[in-house]
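Visitor: Quick one, fold the following:
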Amino acid sequence: MNTSAKASFTRRAEDALTFAGEQLRRLITQHPDYFPLFTKGGKWKHESESWTNWCEGFLGGMLWILARRTGDPWWRNRAEHYSSLIEHRKTDRSVHDLGFLFMPTWKAWYDLTPDPARNDVVIEAGRTLALRFQPAGKYLRSFVAPESLFIDIMMNVEVIFSASEQTGNQELWWIATQHCLTTRRYLVRGDGSTAHEGLFNRQSGEFLGQSTHQGWRNDSSWARGQTWALYGFTTAYRYTKDERFLKTAMQCADFYIERTPANGVPPNDWEEPDPVLPYESSAAAVAAAGLLELAYTLPPGIDADRYRSYAFTVLDTLLDPEFLAIQTPGWEGILKHGIYHQRKKLGVDESVMWGDYYFLSALDKALSLELRC
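Guide: Below is the predicted model:
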């Protein structure tokens, strides 16, 4: 990226972060202590099915990004408040999403202001998630059933790695590593594509087959699941330095790059012949954040520019008003054209909270990268 292009990207990214701040300030002022999941007609407040309660960390996570970037005590106060509202979920055994809840919030809080009490919350969340481990199959069970493994959990296993790292508990490290190895073996295919779900015999641990809840078919490739894998295996490599995880992260990234249109935004599922929507912006946001993390994490001797450059391509697309709601009056989210659950007809062609969070996270990473360059 030449100097002129860098300056243009920086300006657009900063404008997008300013817009995001305006949207978030409006959300938490109009609907205090409310944790939205997806918009309906562009509005956050509505009564709709949530399927599972997994998104309460993303709002606080965005507030922490803004607090850190701006130094404004108002954002810091709101970030602390919205993080505190979910502290009780550190012992929630009903979901597999404790990484989504506590890494963007309490871990971000601890990283900014180290305090053992904040760290203890993250550690407790990691211990709680580890209780989902199924010894026979060596995986963390999904919220659906004991015999079910979701690709999404690759994004949550970090909270177990973090808890192990902070406490020295090697059993937690082993559980997290085994889960990653099992996911790699059974949900990542030879071409680098991924399945949403794996099913096991709970007693014997035998793998029974791949399935999906949000993709087109059991054997197709759900885009957001692909990005969970891309980012999740990158994180697993960052903690363990196990080259198997790096190889898998790169395979998942390569599949995404090779199968996605030139603008970097995929459909909900690459194999679906007649998609309801031609693009799924939240998958693109996760991909951008994950690709930047992968580029930054790669060891010397591996060309990181392929992943870094593609991440900037994705962000360049998402910064356009076609996706960024900056020119859409009355729209309350940040990114348009996201999909939550196409099969259940939930949050289709809407803003989704994780899409907004990973978009801000990717912009934050990209701007930091530009400063380093």
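Visitor: what comes up buried for the helix or strand harbouring Q251?
Guide: Using DSSP states H and E, the element containing Q251 is helix 243-259. By neighbour count on 16 or more other CB atoms under 10 Å, the buried set for helix 243-259 is 245-246, 248-253, 255-257, 259. To be clear about C-beta, it is placed using only N, CA and C from the backbone, and glycine gets the same treatment.
Visitor: May I see those organised as TSV, with pLDDT and distance to A366 added?
Guide: Output for these, formatted as TSV (pLDDT from 0 to 100; distance: CB to CB, whole Å):
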residue	pLDDT	distance to A366
F245	99	24
L246	99	22
T248	99	24
A249	99	19
M250	99	20
Q251	99	23
C252	99	20
A253	99	16
F255	99	22
Y256	99	17
I257	99	17
R259	98	23
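Visitor: just to revisit the earlier point, CA-only coordinates of the helix holding Q251 in PDB, if you can.
Guide: Presented in PDB, the C-alpha positions along helix 243-259 are these (Å, rounded to 0.1, in the frame of the first residue of the first chain):
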ATOM      1  CA  GLU A 243       2.700 -25.800  13.800                       C
ATOM      2  CA  ARG A 244      -0.300 -28.000  13.100                       C
ATOM      3  CA  PHE A 245      -2.500 -25.200  14.200                       C
ATOM      4  CA  LEU A 246      -0.600 -22.700  12.100                       C
ATOM      5  CA  LYS A 247      -0.900 -25.000   9.100                       C
ATOM      6  CA  THR A 248      -4.700 -25.300   9.700                       C
ATOM      7  CA  ALA A 249      -5.200 -21.600  10.100                       C
ATOM      8  CA  MET A 250      -3.400 -20.900   6.800                       C
ATOM      9  CA  GLN A 251      -5.400 -23.600   5.000                       C
ATOM     10  CA  CYS A 252      -8.700 -22.100   6.300                       C
ATOM     11  CA  ALA A 253      -7.500 -18.600   5.300                       C
ATOM     12  CA  ASP A 254      -6.400 -19.800   1.800                       C
ATOM     13  CA  PHE A 255      -9.800 -21.500   1.300                       C
ATOM     14  CA  TYR A 256     -11.600 -18.200   2.200                       C
ATOM     15  CA  ILE A 257      -9.400 -16.100  -0.100                       C
ATOM     16  CA  GLU A 258      -9.700 -18.500  -3.000                       C
ATOM     17  CA  ARG A 259     -13.500 -19.000  -2.800                       C
END
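Visitor: would you list every one of the helices in the protein?
Guide: Taking DSSP state H to define them, one finds helices in the chain at 3-30, 56-70, 73-84, 98-102, 108-112, 116-130, 158-167, 170-187, 223-240, 243-259, 281-297, 305-318, 353-372.
Visitor: helices and strands around the second one, which ones?
Guide: Under the contact criterion of 3 or more CB pairs under 8 Å, 6 or more residues apart in numbering; DSSP states H and E, helix 56-70 touches helix 3-30, helix 73-84, helix 98-102, helix 108-112, helix 353-372.
Visitor: ok, of the ones you listed, where does mean pLDDT dip lowest?
Guide: Sorting the helices and strands packed on helix 56-70 by mean pLDDT places helix 353-372 lowest, at a mean of 90.
Visitor: and it, which residues are buried?
Guide: Neighbour count says helix 353-372 has 353-367 buried, by 16+ other CB under 10 Å.
Visitor: Then stretch 287-305?
Guide: Neighbour counts over stretch 287-305 (16+ other CB under 10 Å) mark 287-298, 304 as buried.
Visitor: export the helices of the chain to TSV and tack on distance to W44?
Guide: Below are the helices of the chain laid out as TSV (distance: least, CB to CB, whole Å):
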stretch	distance to W44
helix 3-30	6
helix 56-70	10
helix 73-84	14
helix 98-102	18
helix 108-112	22
helix 116-130	25
helix 158-167	26
helix 170-187	32
helix 223-240	20
helix 243-259	29
helix 281-297	15
helix 305-318	19
helix 353-372	9
